[in-house]
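Participant: What follows is a predicted structure for the sequence shown.
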Amino acid sequence: MPLRITLRQLEYFVAVGEAGSIVTASEKVNVSSPSISSAISQLEAEFGLQLFVRKHAQGLALTQAGRQLMAQARQVLGQAEQLARLADEISGNVQGPLGVGCLLTFAQIMVPQLRRSFEQLHPKVRVSQYELDQTEIYARLRNGEIDLALTYDLEIPPDLTFIPLAELSPYVMVGETHPLAHLPSASVEELKDHPMVLLDLPLSSDYFLSFFSRRGLKPLIAERTKDISVVRGLVANGYGYSIANIRPVNDRAPDGRPLRFIPLVGEVRPMIMGLVLVEGAESVLAVRAFVDHCRAAITRTSIPGMDLSIAGPRRDF
């Protein structure tokens, strides 16, 4: 007699196996815990195997049989997704899931607007967004957890493809009472003796610090944080200056205090914002549609959520 199982049951099974908890899995797939429990029971009855054992205070653990079946279930779900995407290609319909990663530094500024406009054009696409640092982006692309990501051209690995979208020159960000706030521009020589608030993210921090090392200088780092909103708050409250390539439309810190953005001049390499994806990803219709949408929305003169009014000349891509 053939097995009577569904892809949905396999999806719930994999979610529980990865989470180690029915409650956590239910939050991940947005389905009630009883529904997931029922699906697992049905699978166990159909296979005639116990898939999980309960560990006190540690949730659920896969049995040996469960581990073997989960590996196969992942393959089945992956093949089902490939079939769905092939059908989309044949029919020309832009639909299905799309995992979009974004660098933490500008995720809150531009991704919601970019995502909303894309979903309005393609309402059958289910976009999931992930705020990540650069190393996390590369890992998730390789693992197939995301389809593509918005980021900078920071040490792009040779096995990934980078599509440039916009050139972003660096700014010095200061509070309104900072000693340099009156300057029309600033150099690293003028910054070196002032306290610095460093955005301390993988690869990003190396980029900012390279401005000083190239001149044989060392900045006076007073504060470090991985959160760009915290950077703005510290700068606005007088804890130092910072360097950034993103200038939001609203020149204020999260607490409402004003900020000033001054062009950084000298030997300072601009960042290139773009999309990074695995080779061949654009063969998927939804991915190709998102790439085209980004190319249309992000231009030399306009980027969603950003103020480009005092930026220097930028290249077209």
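Facilitator: Cool, got the structure.
Participant: tell me the domain ranges of this protein?
Facilitator: The chain is divided into the following domains under automatic domain parsing: 7-90, 96-167+271-297, 170-263.
Participant: Would you format these as CSV with mean neighbour count, mean pLDDT and distance to residue 305 included?
Facilitator: Using the backbone N, CA and C atoms, a C-beta is placed for each residue, glycine as well. Compiled in CSV, these are given as follows (neighbours: other C-beta atoms under 10 Å; pLDDT from 0 to 100; distance: least, C-beta to C-beta, whole Å):
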stretch, mean neighbour count, mean pLDDT, distance to residue 305
domain 7-90, 15, 85, 27
domain 96-167+271-297, 18, 92, 4
domain 170-263, 17, 95, 6
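Participant: wait, which of the ones you listed is closest to residue 309?
Facilitator: With C-beta to C-beta as the measure, domain 170-263 is the member of those nearest residue 309 (8.4 Å).
Participant: Tell me how far the closest one lies from the chain's centre.
Facilitator: 22 Å (C-alpha atoms, centre = their mean, to the nearest Å).
Participant: All further residue positions should be reported with the first residue as 41.
Facilitator: From this message on, residue numbering opens at 41, which makes the last subject domain 210-303.
Participant: From start to finish, how long is that domain in a straight line?
Facilitator: By C-alpha to C-alpha, to the nearest Å, the extent of domain 210-303 from end to end equals 7 Å.
Participant: Kindly report the same for stretch 238-246.
Facilitator: End-to-end distance of stretch 238-246: 10 Å, with C-alpha to C-alpha as the criterion.
Participant: residues in contact with that stretch?
Facilitator: Contacts to stretch 238-246, defined as C-beta atoms under 8 Å, 6 or more residues apart in numbering, come from residues 143-145, 173-175, 192, 194-195, 248-249, 259, 261, 263-266, 268, 271, 282-284.
Participant: Reformat the domains of the chain as CSV; add distance to residue 347.
Facilitator: Formatted as CSV, these follow (distance: least, C-beta to C-beta, whole Å):
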stretch, distance to residue 347
domain 47-130, 36
domain 136-207+311-337, 10
domain 210-303, 5
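Participant: ok, then the element right after the helix or strand harbouring residue 108?
Facilitator: Using DSSP states H and E, residue 108 maps to helix 104-131. Per DSSP H and E, helix 104-131 leads on to strand 136-143 as the next helix or strand towards the C-terminus.
Participant: Can you show me the CA trace of the very next helix or strand once past that following strand as PDB?
Facilitator: Per DSSP H and E, the first helix or strand lying C-terminal to strand 136-143 is helix 144-161. This file holds the C-alpha atoms of helix 144-161, laid out as PDB (Å, rounded to 0.1, in the frame of the first residue of the first chain):
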ATOM      1  CA  LEU A 144      22.300  45.200   9.100                       C
ATOM      2  CA  THR A 145      23.400  48.800   8.500                       C
ATOM      3  CA  PHE A 146      20.700  49.700   6.000                       C
ATOM      4  CA  ALA A 147      18.100  47.000   6.400                       C
ATOM      5  CA  GLN A 148      15.800  49.300   8.400                       C
ATOM      6  CA  ILE A 149      16.100  52.200   6.100                       C
ATOM      7  CA  MET A 150      15.500  50.800   2.600                       C
ATOM      8  CA  VAL A 151      14.300  47.200   2.700                       C
ATOM      9  CA  PRO A 152      10.700  47.700   4.000                       C
ATOM     10  CA  GLN A 153      10.000  50.200   1.200                       C
ATOM     11  CA  LEU A 154      11.800  48.100  -1.500                       C
ATOM     12  CA  ARG A 155      10.000  45.000  -0.300                       C
ATOM     13  CA  ARG A 156       6.600  46.600  -0.300                       C
ATOM     14  CA  SER A 157       6.900  48.000  -3.800                       C
ATOM     15  CA  PHE A 158       8.100  44.600  -5.100                       C
ATOM     16  CA  GLU A 159       5.200  42.800  -3.400                       C
ATOM     17  CA  GLN A 160       2.700  45.200  -4.900                       C
ATOM     18  CA  LEU A 161       4.100  44.400  -8.400                       C
END
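Participant: Tell me the spacing between residue 316 and residue 150.
Facilitator: The spacing between residue 316 and residue 150, counted by C-beta to C-beta, to the nearest Å, is 16 Å.
Participant: again with residue 122
Facilitator: Residue 122 sits 31 Å away from residue 150, going by C-beta to C-beta.
Participant: Brilliant, that's me finished.
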